[in-house]
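>>> please work out how this folds:
(chains A and B)
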There are 2 protein chains.
Amino acid sequence: MFYYYTLAFGIIALIFSIVAAVLTLRKDPGSKRMQELSEAIRSGSSAYLNRQAMTIGAFVVILSILFWFLHNGEQIVIAFVTGAVTAYLTAYLGMNVAVRANVRTAKAAEKGVRHAFYTAILGGAVTGFAAIGFGLIGLSLLLSYLSISNVAILIGFGFGASLVSLFARVGGGIYTKSADVGADLVGKTELNMPEDDPRNPAVIADNVGDNVGDCAGMAADVYESYVVTLVAALLIAAGIANAGVSAFLYPMYIAAAGVVGSLASMLFLKTKSNNATPALYKGIGAAIIVSGALDVAITYMVHMPISYFAAVFSGLVLAILLFAITDYYTGSASKPVIKISEAAKGGAGTGVIMGLSVGLRTTFFPVIFVVVAILVSYVAAGVYGIGIAAVGMLSLTATILTIDSFGPITDNAGGIAEMAKLPHKVRKVTDALDALGNTTKATTKGFAIGGAALSAIALFVAFAQAVHLTTIDALNPTVTAGIFLGALLPFVFSSFLMEAVGKTANLMVSEVRRQVRTIKGILTGKAKPDYARAVDIVTVNSLKALVVPEVLAIATPIIVGLVLGKEALGGLLVGMIPTSFVVALFMANGGAAMDNAKKYIETGKFGGKGSDAHKAAVVGDTVGDPLKDTAGPALNSMIKVVSTISILLAPVFLTYVLL
Amino acid sequence: MFYYYTLAFGIIALIFSIVAAVLTLRKDPGSKRMQELSEAIRSGSSAYLNRQAMTIGAFVVILSILFWFLHNGEQIVIAFVTGAVTAYLTAYLGMNVAVRANVRTAKAAEKGVRHAFYTAILGGAVTGFAAIGFGLIGLSLLLSYLSISNVAILIGFGFGASLVSLFARVGGGIYTKSADVGADLVGKTELNMPEDDPRNPAVIADNVGDNVGDCAGMAADVYESYVVTLVAALLIAAGIANAGVSAFLYPMYIAAAGVVGSLASMLFLKTKSNNATPALYKGIGAAIIVSGALDVAITYMVHMPISYFAAVFSGLVLAILLFAITDYYTGSASKPVIKISEAAKGGAGTGVIMGLSVGLRTTFFPVIFVVVAILVSYVAAGVYGIGIAAVGMLSLTATILTIDSFGPITDNAGGIAEMAKLPHKVRKVTDALDALGNTTKATTKGFAIGGAALSAIALFVAFAQAVHLTTIDALNPTVTAGIFLGALLPFVFSSFLMEAVGKTANLMVSEVRRQVRTIKGILTGKAKPDYARAVDIVTVNSLKALVVPEVLAIATPIIVGLVLGKEALGGLLVGMIPTSFVVALFMANGGAAMDNAKKYIETGKFGGKGSDAHKAAVVGDTVGDPLKDTAGPALNSMIKVVSTISILLAPVFLTYVLL
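From the prediction side, this is the model:
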């Protein structure tokens, strides 16, 4: 087979990632004080990821044993463990560079926005290219050793990645928002401290959260989407009668084209002005044009009908559409954001009502876009078309993930600049990049959610093939029952996450209040707060809160499949995928819009900082926090864990039914 | 045919409703001041309902013309108009008695809780029995004149009721919450006035809202569920090959049995103690036992297999289970409610986060119950079983609606007692009943939502028969596209409602602030506020906000059906029904729990009234208001409008497809 080509592109991506890492680390890490702060953030982040690895490890061991018996062999276990390990490596590597890139970005800001932007993008690229590198290498190697008949083993690789992604999203999400909300509630509201004030005992935990949530969590999530999408396309190919070798090569080659496209995008991700949004569009645009051109060539090369390219292209276009629509709804000073700010004049209640209303409304266009992409790709190339459309979209992973990781790096850079009391000029640069980082975090979430939906649909098709179902009939009441349970799942799942954030944030509030009360001199800046204790509280409680939602996601499909049968399990997927997609959009966009509504007021509108409208908007921001950074994004991983485990256990559901 | 029997039971119900009305009106309406207040509420409510009738009338005329051409005859138009008119009559009649029962309940409270409770229940019974009376009479007459072959005409009747219900729910919902939020935001938060303070210019509008929303809106909604459920069961019967006359009689007879069961429940709806919750359970229990016993007899009488009774019984049991679970999650001082109160100690942000978390969690058991009911009824009697299970549940309509209408009556009674400054002893009684009314409003919403879901599933089956589909395959990408659009609909729809409440409430806030500023002596109680102007603002703006969501609900299925075809339209229903069900539960229960969390603090817990926790809980209550009383309940009507119009236009979708 020809997987050495794609292996080569995987290696190229990985080399670029390493080069980016080296270039980043060579930059000036700034003063001793800055390095101290960066080191505190770094050690907190590593400590969390290490402890999280223990919890995940336990799950991996148990599930490996289960799979060994079920599939009667070690191949699936190797695939599963490799998927899990590479996902964790991506998250770990990306985060470890990000926590070093932050201080270097702050330092570079002294030389102007161009240098700071470049440093942060470079740091982000480490994660972006590591993700596609690991993904391509892993899949190429697996494919080279598998015959088409046991291509099903690949799903083990996908599930490993999904599992880690779910942990990283849930744990990181709870961590980041508990710390953030806790820090804000006492710091901003009670003590009138600005963001990132070093006197706030929760400030380091808050910055750690940015890394373990936005950086490691997002990296694992998008890595997983990337891998799982490719796996889904390959499984669909395997399920099609008379599918030739090209049907397997095609998605892999498109992914390889994405490496080139993403490298091209790096040439455009640069700016001289504080408004760097155009640079982002140029970068993504370049990735799409270059990848698209290569995809046309590939389509000819592997002798696919040219209509197949239409499917791939619909995925590529979907990526930028989702990016742009999220930008419209949640960008700073966008119309919907201003509407929320204005409603906050009436109080926190009306502000949050309007925020929820905007969040609900933002679901419209993304769903329409996805629906059109589904129909176009289906018309172009049947169910296989849906698979390759998803691959087309996800082939942009490196670019999107680079832009995303830029977010926590600049956020942290801003924090360090503030805490280290760097000059006003420098902070102006870091502030501008921090605001942009907020937008990129939101817009890339749009990509991640859309990608998750598209890849879940592809997985759904693969599931039907795996359990030998040619129809999943919604008129069959067993299927109906499954659909209701599927629609229910995202609600119950998010409920646990929201609760965990609420509880942990409250513990944080108590701790901060306690430190302010007992450690004399904190408020005057004479005594140092006990940062480590605050970090410890969020770490322990985030890990505690991990288990229930994780078990829920793994156990639900197993129980439904065993008790109600494979048709009901199909129904579960049918209900879960669209509902989770819409709920995730509502949460992620609603939260981001409320965040920026607060920021809009802070620019001096509707009374500015400290006004009643601002206080009301801060409440909205707090409510939006766990929606946008915990529950919403975790749904991406949830739907993939549920889908992949359903496929993985297909042999069981085929032979055993309780009722 | 034997529809004279069921006609007779319909007449009995209507007579009981009239008797209850006469008995209510005979009660002492209290002092001149009390009558004045009641009159202000009454005239505001009527004014709104009259103006709303104009808007609805326009829609009815346009749609009648459309249906005339489509179905080429006047039968469908007659059915449609009758459905719309009876729905409006139910809402109008019920509300008109309620606005007179309120002052009489306040007066009766002088004589103790027993009298006050009885008066409010009697007033509520007018609505409850009018609903089933109109429903049974209308359907019996229609059935008597139709042959089985054109039983499809019945759907026109159902759609008429659905359309009115949607208007009443949306318009009433926006009205009630805009007024409530507007009144609270200035009154409670800025001016430190208690609830129902006569110095608050929005106070009459607030009380009017209780009637047009909770009373008229709920009456139209439940009436419609009742009618549509019966229609769905009859349509399913018509679609079954070789269905005998019994298959048509059976659901009608079960509904007739419900008249007797509901009359029996009236004997148990009485209390001597301030804690009247047990009386409610006894009342519903009695209705279930009596109806259930009659249903067994009916099953033998019409020669149905006894397993069919199992289907009906699963519907009956579902009713009380949904009632009880909502009570558990949202009842005053329930564990989840206390959790929200406690979280409010950390601030408005954490309070709302926990409120949303609880709301998300409350979806679990209702969905499980409905799923079990679907499976049991299907195993017992096939798809017909799902239809008759829904009929079984909805046969309790009169009892549930009586208990529900009790809510706004006691709420208003409390308001009048407060505004007329009745003695403390009296207010203690009205307060207790008001609190109970809050619970009944929440719990009956659980019934309405569950009933809507079950009847929508029955309608879905009827739809498939109407468009001649024997499978609706989720693996067909056109269907998948429909499912995504269906899952989207409740989100976009609620977005408009939330926005309307936010906007109108803000207008109300400005108006109240203006009056307080310009009318001297308002705050000292020397000058009377301009209540009418406040009423007018909400009226005009609620009616304005009606049109978009209404058009959305009517146009979406038509567009999807015409552009993507009947399979996609089937997908739309598949996506919409479960998602709307879960979203409605989340909204209704989450809002109710946040409301009671505020009330729990007001009993002196966590600092009591005026504490920071209380202020935070008030924000939660404000956010919960449009969720629980506007968006959540309106989804019930939305799913039925979408389902019924899909069936109604089936002939079009059969012959014409764009793509």
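>>> nearest to chain B: which residue in the stretch 151-300 of chain A?
Ranking the residues of the stretch 151-300 of chain A by distance to chain B (CB to the nearest CB) places A:L185 first, at 5.3 Å. In this view, the C-beta of every residue, glycine as well, is placed from N, C-alpha and C.
>>> and chain B, is stretch A:229-245 touching that?
No. Figure legend: stretch A:229-245 not in contact with chain B (CB under 8 Å from any CB of the partner chain); closest approach 11.6 Å.
>>> other residues contacting that stretch?
Contact partners of stretch A:229-245, identified using CB atoms under 8 Å, 6 or more residues apart in numbering or on different chains, comprise A:1, A:135, A:139, A:143, A:148, A:151-152, A:154-155, A:157-158, A:247-248, A:250-252, A:255, A:383-384, A:386-388, A:390-391, A:393-394, A:451, A:454-455, A:458-459, A:461-462, A:465-466, A:647.
>>> redo that, cut-off 6 Å
Contacts with stretch A:229-245, where a contact means CB atoms under 6 Å, 6 or more residues apart in numbering or on different chains, come from A:139, A:151, A:154, A:158, A:247-248, A:251, A:255, A:384, A:387-388, A:390-391, A:394, A:455, A:458-459, A:461-462, A:465.
>>> just the CA trace of that stretch, in PDB.
What follows is stretch A:229-245, C-alpha atoms only, in PDB (Å, rounded to 0.1, in the frame of the first residue of the first chain):
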ATOM      1  CA  THR A 229     -12.900  11.700  11.100                       C
ATOM      2  CA  LEU A 230     -10.200   9.900   9.200                       C
ATOM      3  CA  VAL A 231     -11.100   6.600  10.800                       C
ATOM      4  CA  ALA A 232     -14.800   7.100  10.000                       C
ATOM      5  CA  ALA A 233     -14.000   7.800   6.400                       C
ATOM      6  CA  LEU A 234     -11.900   4.700   6.200                       C
ATOM      7  CA  LEU A 235     -14.500   2.600   7.900                       C
ATOM      8  CA  ILE A 236     -17.200   3.800   5.500                       C
ATOM      9  CA  ALA A 237     -14.900   2.900   2.600                       C
ATOM     10  CA  ALA A 238     -14.400  -0.500   4.100                       C
ATOM     11  CA  GLY A 239     -18.200  -0.900   4.300                       C
ATOM     12  CA  ILE A 240     -18.900  -0.100   0.700                       C
ATOM     13  CA  ALA A 241     -19.100  -3.100  -1.600                       C
ATOM     14  CA  ASN A 242     -16.200  -3.200  -4.100                       C
ATOM     15  CA  ALA A 243     -14.500  -0.200  -2.700                       C
ATOM     16  CA  GLY A 244     -11.000  -0.200  -4.300                       C
ATOM     17  CA  VAL A 245      -7.800   0.800  -2.700                       C
END
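>>> which residue packs closest to A:G525, ignoring adjacent ones?
Spatially, and ignoring its direct neighbours in sequence, A:G525 is nearest to A:R199 (5.5 Å; CB to CB, 6 or more residues apart in numbering or on different chains).
>>> equivalent analysis for A:G482, please.
Beyond its immediate neighbours in the sequence, the residue positioned closest to A:G482 (CB to CB, 6+ apart) is A:G571, lying 2.4 Å away.
>>> element containing that neighbour, please.
helix A:566-602 (DSSP states H and E).
>>> coming back round to it: that's a strand at the residue of the stretch 151-300 of chain A closest to chain B, yeah?
No. Assignment of A:L185 by DSSP: H, G, I helix; E, B strand; the rest coil gives helix, placing it outside any strand.
>>> quick one on the thing from earlier: what about the residue nearest to A:G482, how many neighbours?
By other CB atoms under 10 Å in any protein chain shown, the residues close to A:G571 number 31.
>>> any idea how far it is from B:A84?
To B:A84, A:G571 is 35 Å away according to CB to CB, to the nearest Å.
>>> sec struct for the residue in the stretch 551-659 of chain A positioned nearest to chain B, please.
Closest to chain B within the stretch 551-659 of chain A is A:T622: 2.8 Å, counting by CB to the nearest CB. Recorded secondary structure, A:T622: helix (three-state DSSP).
>>> burial count for it?
Counted with other CB under 10 Å, residues neighbouring A:T622 total 32.
>>> got a list of what it touches?
By CB under 6 Å, 6+ apart, the contact set of A:T622 is A:181, B:349.
>>> enumerate the residues of the stretch 101-250 of chain A near chain B.
Contact residues, the stretch 101-250 of chain A versus chain B (CB under 6 Å from any CB of the partner chain): A:L185.
>>> worst-scoring helix or strand of chain A, pLDDT-wise?
None of the helices or strands of chain A scores lower by mean pLDDT, DSSP states H and E than helix A:650-655, at a mean of 85.
>>> report the buried residues of that one.
A:650, A:652-653 (16 or more other CB atoms under 10 Å in any protein chain shown).
>>> make TSV out of those residues and add distance to chain B.
TSV is the format used below for the buried residues of helix A:650-655 (distance: CB to the nearest CB, whole Å):
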residue	distance to chain B
A:A650	15
A:V652	21
A:F653	16
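>>> which one is the spatially most central residue of chain A nearest to, not counting chain neighbours?
Residue closest to the average C-alpha location in chain A (CA atoms, centre = their mean): A:M218, at 3.1 Å. Of all residues not flanking A:M218 in the chain, A:D404 sits nearest, at 5.4 Å (CB to CB, 6+ apart).
>>> residue contacts, the residue of chain A positioned farthest from its centre?
Relative to the centre of chain A, and counting by CA atoms, centre = their mean, the farthest-placed residue is A:K520 at 40.5 Å. With contacts taken as CB under 6 Å, 6+ apart, A:K520 has no neighbouring residues.
>>> hang on, it in a helix?
No. Using three-state DSSP, the secondary structure at A:K520 is coil, not a helix.
>>> which other residues reach stretch A:555-572?
Applying CB under 6 Å, 6+ apart, the contact partners of stretch A:555-572 are A:467, A:472, A:478-479, A:481-483, A:485-486, A:642, A:645-646, A:653, A:657-658.
>>> and if you look at stretch A:371-385?
With CB under 6 Å, 6+ apart as the test, stretch A:371-385 has contacts from A:236, A:307-308, A:310-311, A:314, A:318, A:386, A:389, A:461, B:477, B:481, B:484.
>>> the same query, at a cut-off of 7 Å, please.
If you take CB atoms under 7 Å, 6 or more residues apart in numbering or on different chains as the criterion, stretch A:371-385 is touched by A:236-237, A:240, A:247, A:307-308, A:310-311, A:314-315, A:318, A:386, A:388-389, A:454, A:457, A:461, B:477, B:480-481, B:484-485.
>>> now that stretch, how far from the chain's geometric center?
In terms of CA atoms, centre = their mean, to the nearest Å, the centre of stretch A:371-385 is set 25 Å apart from its chain centre.
>>> so which bits of that stretch are buried?
A:371, A:373-385.
>>> just the closest of those to A:V99, please.
A:V99 lies nearest to A:A373 out of the buried residues of stretch A:371-385, by CB to CB, at 36.2 Å.
>>> so the closest one is in which element?
Per DSSP H and E: helix A:364-394 holds A:A373.
>>> so that helix versus helix A:566-602, what angle?
110 degrees (axes from the mean of the first three to the mean of the last three CA atoms, to 10 degrees).
>>> after helix A:364-394, which helix or strand is next? Please name it.
Counting by DSSP H and E, the next helix or strand C-terminal to helix A:364-394 is helix A:397-419.
>>> name the helices or strands packed onto that following helix?
Judged by 3 or more CB pairs under 7 Å, 6 or more residues apart in numbering or on different chains; DSSP states H and E, helix A:397-419 is in contact with helix A:32-71, helix A:75-108, helix A:113-145, helix A:203-209, helix A:218-239, helix A:245-266, helix A:277-301, helix A:424-466.
>>> do the longest one and chain B meet at all?
Yes. Under the criterion of CB under 7 Å from any CB of the partner chain, helix A:424-466 makes contact with chain B via A:457, A:461, A:464.
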